[in-house]
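Engineer: Sequence first, then the predicted structure:
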Amino acid sequence: MRLSEAVLFIGFMGIGTTLLLALLWAPSVSINAFESPAAQRIFYWHVPAAWAAFIAFGALFVGSAGWLFKRSEWMWRLHVAGSEAGLATGLMAVWSGCVWGAAEWGTPWDWTDVRLNSFGLLTLLAIYVVLGRNSQPDGVETRDTFAAFGLYGFVLVPLTYIATRIWTIRHPGPVVATGDGSSINSDMGLVLLIGAVSFTVFIIGHMMASMRLTAMEQRLERMQQHLDGGV
Amino acid sequence: MAKALLSLVDVHVRRGMNTVLEGCTLTVEAGQTVVLTGANGAGKSTLLETAAGLLPMERGHVQHDEVVVADADGRRRNSPLTVGVALQRNGMLGGEILTEHLHAAMSMSGHGVDVDPFLKQFKLMHRANDLVAHLSQGQARKVAVLAGLLPAFASPTPALIILDEPDAGLDDASIEILGQWLNELRTMGHALLVATHDERVMAQATHLYDVDQRKFQTTTAPPAGRVDTRTSREVKPLSRSAFGVKMHLRTMMWLNTNAMAGLLTLGILLTLGDFMEELDNLQRMGFILAPTLAVGLCGDPLVAALREERAGVWWRAVGGGEPHAGWIPLAIGAVFTFLTTNGLQDAREIHIIVAGAVLCFLVWHSVGWMQRSTQRLARPHAVFIGLLTPVLILPYSLLISVLS
């Protein structure tokens, strides 16, 4: 088993453990504070997925900048891995948020919630980058264009972060790293921590595997070009 | 020593996964005709487009006169020279009128000459007022070549002319005339950079540059050509928005996409019946501006039209950017907001109509910008621009909440 596969496996196991703990062990929330207390358990999936998505979008930004300014093949692979991982975890966060929102707010989406919308846009950007890049032949034009979109998309990350602090209309405020003590109890915090670590390991494994796959695709392309040349 | 009008310094250019130009250094001085030679795929067209400031570079820079017009860091400046360009594709929209295209090309230099003698020599006089779409391939090529040459004939100062296989598709008589014009332009002191495989055009060279070998060699210059007396007059440069508006009005391309999207949205709203009175202000504004938003979300149809014969690329080379719809979205937005308030029997307030016009303008041009951002790709039609448009929900939401 390669290192990337081992890391990915550990991440999967951690995510599975998080789900089990969230469903079977984590304490129930106050029935008075929530419209749908049972649905609150989605939180243990939703928040770590959003956290992992930010790591992936960070990788997308670094990879995009590295390609545009350094012309580094390794950075291009990081761009590819970051966009694919961002797409996967972004969809996990958005989809779980919709389910939770439908149960708690009575609507899966709220167009007036800036945080929700900016995260949704970030995920759409990841879909755009992944699908758009796959529609084009690999080349400097393709890489420059999508790397520029990778940089542009990252503007949405601080916007989303600020949105969590300022525009809390329906969305709850941040539950960790608030600077004024945690707003959740210790058992809930433990499950959330296991979830965050597991998703982080998963996303690192995902990106390592993706970068290896891209390197192999590039090698295959070079070999095909070699054959095209009649050598 | 004559003044260098074009300098490529240590230029590296990649296209696809290949490095096409590697360390290319070339200078073209006033009064020189440099002809590029090399096999197909050697990089002649890449070199010409780089010289026109159209392609990004990995290393090096391109200088027109003493101004760096493009460098490897992505900086771009408008050329201080009059630049005439004829690329491999003709760079014209089918909806342009022949003389209109020539006047547009000349107007970039701020000067114009009478085009009739040129049209007569190229046997195009009877077609002067025809649409480009109605010309044969050979005739269209003649117009494209004239659009590359005329800015220099009109310019009172030394101009830079970039021609990519101008002889392709021309008959023998036209190639002879082209050779005479090239000689005349060189004699006038302009700088010419030409890619060709035709020996009659190659015979006009003062220098040859082998793109494969990166070798520059001097050839026996042809004798100075006769310079005809032409009266150059000052003209107002045609702006990109003026051209875009003219194309929109003439071809009605907005009707097929933007207006239809708006009308369909309005039609759906009207089939819902009389529901406006039950809505709060926020919802009411959302419905009133929905058709206008739909109009804008279709983007600028001119972007797709400019892909025809690489017209957008030609405009970027000679005009510094691509034409756009200008004020058209303002008018269409205002009309649709008015129609919607009428159709839904809501109050026809002027500030709502102005807001609709502004929303349409912002959304239309934002989508247009997104569409243009993918123009460099090998398959710009295949990318998923629509996935980016939900970002425009934000100004829409903001506007309806302000209005309500």
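Structural biologist: Right, received. Where do you want to start? Numbering: from 1, shown residues only, chains lettered A, B, ... in the order given.

Engineer: Report the buried residues of the helix or strand containing residue B:117.
Structural biologist: Remark: residue B:117 resides in helix B:116-121, with elements defined by DSSP states H and E. Neighbour counts using 16 or more other Cβ atoms under 10 Å in any protein chain shown place B:118-119, B:121 of helix B:116-121 among the buried residues. Heads up, the C-betas are built off the backbone N, CA and C, glycines and all.

Engineer: Name the nearest residue to residue A:137, ignoring sequence neighbours.
Structural biologist: Leaving aside its sequence neighbours, residue A:137 sits nearest to residue B:378 (Cβ to Cβ, 6 or more residues apart in numbering or on different chains; 5.3 Å).

Engineer: Please apply the same query to residue B:270.
Structural biologist: Nearest non-adjacent residue to residue B:270, counting by Cβ to Cβ, 6+ apart: residue B:343, 5.4 Å away.

Engineer: Who are the contact partners of that neighbour?
Structural biologist: By Cβ atoms under 8 Å, 6 or more residues apart in numbering or on different chains, the contact set of residue B:343 is B:266, B:269-270.

Engineer: Show only the entries of those residues found in helices.
Structural biologist: B:266, B:269-270 (DSSP state H).

Engineer: so where is the chain shaky, pLDDT-wise?
Structural biologist: All of this refers to chain A. Counting by pLDDT under 70, chain A contains low-confidence ranges at A:1, A:29-34, A:112, A:156-184, A:229-231.

Engineer: that's the other chain; I wanted chain B
Structural biologist: Applying pLDDT under 70 to chain B flags residues B:1.

Engineer: Point out the residues in it that sit beside chain A.
Structural biologist: Within chain B, the positions near chain A by Cβ under 8 Å from any Cβ of the partner chain are B:14-17, B:56, B:58, B:373-374, B:376-379, B:382-385, B:387-388, B:390-391, B:393-394, B:397, B:401.

Engineer: What are the boundaries of the helices in chain A?
Structural biologist: A:3-24, A:43-70, A:73-104, A:114-134, A:140-154, A:156-165, A:186-228.

Engineer: Quick test: name the residue nearest the centre of chain A.
Structural biologist: Central residue check for chain A by Cα atoms, centre = their mean: the C-alpha nearest the mean position is that of residue A:53, 1.7 Å away.

Engineer: Give the burial count for residue 185, as a bare number.
Structural biologist: Reading this off chain A. As a burial measure, residue A:185 scores 11 neighbours (other Cβ atoms under 10 Å in any protein chain shown).

Engineer: actually it's chain B I care about, not the one you picked
Structural biologist: 24.

Engineer: Just give the nearest non-adjacent residue to it, would you?
Structural biologist: Leaving aside its sequence neighbours, residue B:185 sits nearest to residue B:152 (Cβ to Cβ, 6+ apart; 5.2 Å).

Engineer: wait, that neighbour sits on residue B:84?
Structural biologist: Yes: assessed by Cβ atoms under 8 Å, residue B:152 is found in contact with residue B:84 at 5.1 Å.

Engineer: Who has more neighbours out of those two?
Structural biologist: Between residue B:152 and residue B:84, counting by other Cβ under 10 Å, residue B:84 is the more crowded of the two (30 against 27).

Engineer: and the more buried one, that one's in a helix?
Structural biologist: No: going by DSSP: H, G, I helix; E, B strand; the rest coil, the assignment for residue B:84 is strand, not a helix.

Engineer: who's it bridged to?
Structural biologist: Beta-bridge pairing of residue B:84 under DSSP bridges involves residue B:161.

Engineer: Next up, the contacts around it.
Structural biologist: B:105, B:147-152, B:159-162, B:318.

Engineer: now the residues you listed as a markdown table including secondary structure and distance to residue B:43?
Structural biologist: Output for the contacts of residue B:84, formatted as a markdown table (DSSP: H, G, I helix; E, B strand; the rest coil; distance: Cβ to Cβ, whole Å):
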| residue | secondary structure | distance to residue B:43 |
| --- | --- | --- |
| B:105 | helix | 26 |
| B:147 | helix | 24 |
| B:148 | helix | 20 |
| B:149 | helix | 24 |
| B:150 | helix | 28 |
| B:151 | helix | 25 |
| B:152 | helix | 25 |
| B:159 | coil | 24 |
| B:160 | strand | 19 |
| B:161 | strand | 20 |
| B:162 | strand | 15 |
| B:318 | helix | 22 |
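
Engineer: Residue B:95 belongs to a helix, doesn't it?
Structural biologist: No: assigned with three-state DSSP, residue B:95 falls outside any helix and is coil.

Engineer: Just give the closest residue to it, not the sequence neighbours.
Structural biologist: Nearest non-adjacent residue to residue B:95, counting by Cβ to Cβ, 6+ apart: residue B:251, 4.5 Å away.

Engineer: Would you mind listing what in chain A touches chain B?
Structural biologist: Neighbours of chain B within chain A, by Cβ under 8 Å from any Cβ: A:71, A:111-112, A:117, A:120-121, A:124-125, A:127-128, A:131-132, A:135-142, A:144-145, A:148-149, A:221, A:225.

Engineer: cutoff 7 Å now
Structural biologist: Proximity of chain A to chain B, by Cβ under 7 Å from any Cβ of the partner chain, involves residues A:71, A:111-112, A:117, A:121, A:124-125, A:127-128, A:131-132, A:135-142, A:144-145.
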